[in-house]
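Participant: Could you work out the structure for the sequence below:
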Amino acid sequence: MATLEIRDLHVTVEADNATKEILKGVDLTVKQGETHAIMGPNGSGKSTLAYSLAGHPKYTITEGTVLLDGEDVLAMSVDERARAGLFLAMQYPVEVPGVSVSNFLRSSATAIRGEAPKLRTWVKEVKETMERLHMDQSFAERNVNEGFSGGEKKRHEILQLELLKPKIAILDETDSGLDVDALRIVSEGVNRVRETGEVGTMLITHYTRILRYIKPDYVHVFSGGRIVESGGAELADKLEDEGYEAYTKGGASA
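Facilitator: Okay, here's the model as predicted:
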């Protein structure tokens, strides 16, 4: 069973000619087959956690460890982390001019699997996955995210998730900017991956609306750069009723 272990993680970033600590001792374990919702107000450090795990150079790890199946994630390059089984769906997916979606997907699959997927079966797999996500087949020949709407970008992220089959999926505010129909379609894609039992999911969000579609096993409240409370799905209902004020009073959020 794949396991991601985060222990006492501290992360800084350079801002306004000063070093600012964003994460201040994060502890979290995510196992294959589990879904963890990471919730908290703006600026609490949730996205910093996501990008730090993925290896974004903007963020500096000053303390702590991150292990995936006992292997040191922090010693890996970005591409090594992806090959090891870490996947990040970005809050703001970037455009990649000159690279078609079809080439991007097959190149990614080749890098992760160690060999190119057989073309005939791969084309069938991509087509069927796109159909489930209500994506027009013409998207495969468009440049990655170029001219895509917010919903189209998020569906493309989930397309990658379904095709690449990671061990641990980090979904950074996947619900951001989605209308009701797009939210449902994207959530169905995430649930298809979850139902395999082969992926551990970190679902980062401000709001509980996506949790009506994706039921978490655990909910963690993020505030001031650390997890301040954990519980089951009922904790999300409490946050819906009471908000984050109880967790942010008396402490500055990062």
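Participant: Show me where the stretch 151-254 of the chain has its helices.
Facilitator: For the stretch 151-254 of the chain, applying DSSP state H, counting those that start in this stretch gives helices covering 180-195, 234-242, 245-248.
Participant: quick one: residue 239 from residue 223, how far?
Facilitator: 11 Å (C-beta to C-beta, to the nearest Å). Placement of C-beta: from N, CA and C, glycine included.
Participant: who are the neighbours in contact with residue 205?
Facilitator: 37-39, 173-175, 211 (C-beta atoms under 8 Å, 6 or more residues apart in numbering).
Participant: related to what we said a few turns ago, of the helices of the stretch 151-254 of the chain, give the one that comes closest to residue 153.
Facilitator: Smallest distance to residue 153 across the helices of the stretch 151-254 of the chain (C-beta to C-beta): 10.2 Å, for helix 180-195.
Participant: what's the offset of the closest one from the middle of its chain?
Facilitator: Using C-alpha atoms, centre = their mean, to the nearest Å, the mean C-alpha position of helix 180-195 is found 14 Å from that of the whole chain.
Participant: Check the model's average confidence along it for me.
Facilitator: Average pLDDT, helix 180-195: 95.
Participant: List the neighbours of that helix that are in contact with it.
Facilitator: 33, 35, 132-134, 150-151, 154-155, 158-159, 161-162, 165, 169, 171, 174-175, 178, 199, 201, 203, 209-210, 213-214.
Participant: Residue 55 and residue 117, how far apart?
Facilitator: 25 Å.
Participant: cool, residue 31 as well?
Facilitator: 28 Å.
Participant: List buried members of the contacts of helix 180-195 by neighbour count.
Facilitator: 33, 35, 133, 151, 154-155, 158-159, 161-162, 165, 169, 171, 174-175, 178, 199, 201, 203, 210, 214 (16 or more other C-beta atoms under 10 Å).
Participant: What residues of the least confident helix or strand in the chain by mean pLDDT count as buried?
Facilitator: Here the helix or strand of the chain ranked lowest by mean pLDDT, DSSP states H and E is helix 245-248, holding a mean of 85. For helix 245-248, the neighbour count (16+ other C-beta under 10 Å) marks 247-248 as buried.
Participant: Show me what that helix is packed up against.
Facilitator: strand 218-223 (3 or more C-beta pairs under 8 Å, 6 or more residues apart in numbering; DSSP states H and E).
Participant: Contacts for the strand it packs on, please.
Facilitator: Contacts for strand 218-223 (C-beta under 8 Å, 6+ apart): 28, 34-41, 44-46, 49, 227-233, 235-236, 239, 244, 247-248, 251, 253.
Participant: Now, those that are in strands?
Facilitator: Using DSSP state E, the members of the contacts of strand 218-223 that fall in strands are 28, 35-39, 227-231.
Participant: Please consider this matter closed, and thank you.
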